[in-house]
Each structure stands twice: as C-alpha cells, then as structure tokens.
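J.: Could you look at this predicted model? Sequence included:
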Amino acid sequence: RDGINANSAIVAINGDFYGARENGYVIRNGVLFQDTVGNKSQDLAIYYDGSFEAVFEEEISAKELLDKGVRHIFSFGPALVENGEIVVTKKQEVAHAMASNPRTAIGYIEDGHYILLVSDGRTDESRGLKLYELALFMQAMGVKEAYNLDGGGSSAMVFDGKIINKPTEIDIYMK
C-alpha cells in the first residue's frame, strides 16, 4: 500500500509473478531487467502507444521487443482475447484454470481505454471465475486484447488508496 501511495496511483492491481521466478523477460518502463527465456512463457507486451500483444519468449528476443517499442512485459497468462476473439478454450483448461478462482485480468478496448478486472473467489460470497468465463466477460466488455494476470489469493484492486475487493490473503496487503 505504501508503494501505491508513494507513486500517487489512483488504481492498482496485482500483476505478474516476477518476484517468484528466476527466468523470463522483465521489461519495465522500457528498461530491460531480465532477458532469460522462460519455459514456454507467453507474455503480455504493452507498447509505448498503449496497445497490447501476447508474445511467446521463444519466438522473439527481449531486444527485438524493445526495438518494436515495448514499454512493459507482464508474465502469467494465458492470453484470453486476441483481435476481439476468445483464444483460451475449455479444452485447454486444466487444474486451476478449470476451477473457479480469484482472477485478475487486463484488457485493451481502444486507444486510451482499458479494463482492469479483479474477481474475488474461494469464499461464501464469490466462487470466482474459470479462465473461459473470464475470457467471455472480457469479450463482452468489448476488449480487443485481454490477458490473464496472476490470480488466486493475491488478486486485489486498490482504488484511491483503499482495497475495494476482498482478497483471500488480505493480511499480506495490510502490512
């Protein structure tokens, strides 16, 4: 919470799992911090113009992404919607993806218009969403591109300095 307030953020959500991994691309604000290819990682590339693209690390280098104008890379996945079409299928879903869980996603609607979504889950009040349900919802909101970020107990949204959902791991946010 202090980091959010220190940066004068209006809204913040949890993102990728950068702190828990040892490989994969990490680009923040156009600076390359890590360029080790992850294990079949699909990343979300956010360009300086604000557009999104899902990329596979084994198909493009971090340097090439920087040269193309990538400002940020986020890892978790999978892509949910590409070019307005759902790209995650029920048949692809396994384990946690098939189960209803807390979820966090980001979507690109058009220049300057985005959606940040956090779904609670694993509680009596909310069962959460399956990945396919999340993709359906994002498509219904009119996104052209949508990407699944880290979910589970860390799914949280802060608005104007206050947590506005009910994360199952609330204690980690109150420290």
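T.: Looks like it arrived, so ask away.

J.: Give me the number of neighbouring residues for Thr104.
T.: As a burial measure, the neighbour count of Thr104 was computed by other CB atoms under 10 Å and equals 25. In this view, the C-beta of every residue, glycine as well, is placed from N, C-alpha and C.

J.: Longest helix in the protein, by number of residues?
T.: helix 131-140 (DSSP state H).

J.: Listing request: residues of the chain with sub-threshold pLDDT.
T.: When residues are selected by pLDDT under 70, those of the chain lie in 1-7, 17-21, 39-41, 91-98, 170-175.

J.: In it, which residue is most central in space?
T.: When the chain is reduced to its mean C-alpha position, the closest residue under CA atoms, centre = their mean turns out to be Leu149, at 2.5 Å.

J.: In the sheet, which residues pair with it? Tell me.
T.: When bridges are called by DSSP bridges, Leu149 pairs up with Thr104.

J.: Check Phe74 too.
T.: Leu44.

J.: going forward, begin numbering at 43 instead of 1
T.: Sure, I'll start counting at 43 from here, so that last one is Phe116.

J.: Pull the distance from the longest helix of the chain to the chain's centre.
T.: Averaging C-alpha positions (CA atoms, centre = their mean, to the nearest Å) puts helix 173-182 14 Å from its chain's average.

J.: and if you look at stretch 80-98?
T.: How far stretch 80-98 lies from its chain's middle: 10 Å, per CA atoms, centre = their mean.

J.: Endpoints of it, how far apart?
T.: Stretch 80-98 has an end-to-end distance of 9 Å (criterion: CA to CA, to the nearest Å).

J.: Now do it: everything it contacts.
T.: 63, 65-67, 72, 99-100, 107, 110-117, 119-121, 124, 148, 150, 153-154, 156, 186-187, 189, 191 (CB atoms under 8 Å, 6 or more residues apart in numbering).

J.: Name the residues of that stretch that come out as buried.
T.: Of the residues in stretch 80-98, Gly80, Ser83, Gln84, Asp85, Leu86, Ala87, Ile88, Phe94, Glu95, Ala96, Val97 count as buried by neighbour count, 16 or more other CB atoms under 10 Å.

J.: Out of the residues you listed, the closest to Asp166 would be?
T.: Relative to Asp166, the closest of the buried residues of stretch 80-98 is Leu86; by CB to CB it sits at 32.1 Å.

J.: What separation is there between that closest one and Glu95?
T.: 8 Å (CB to CB, to the nearest Å).
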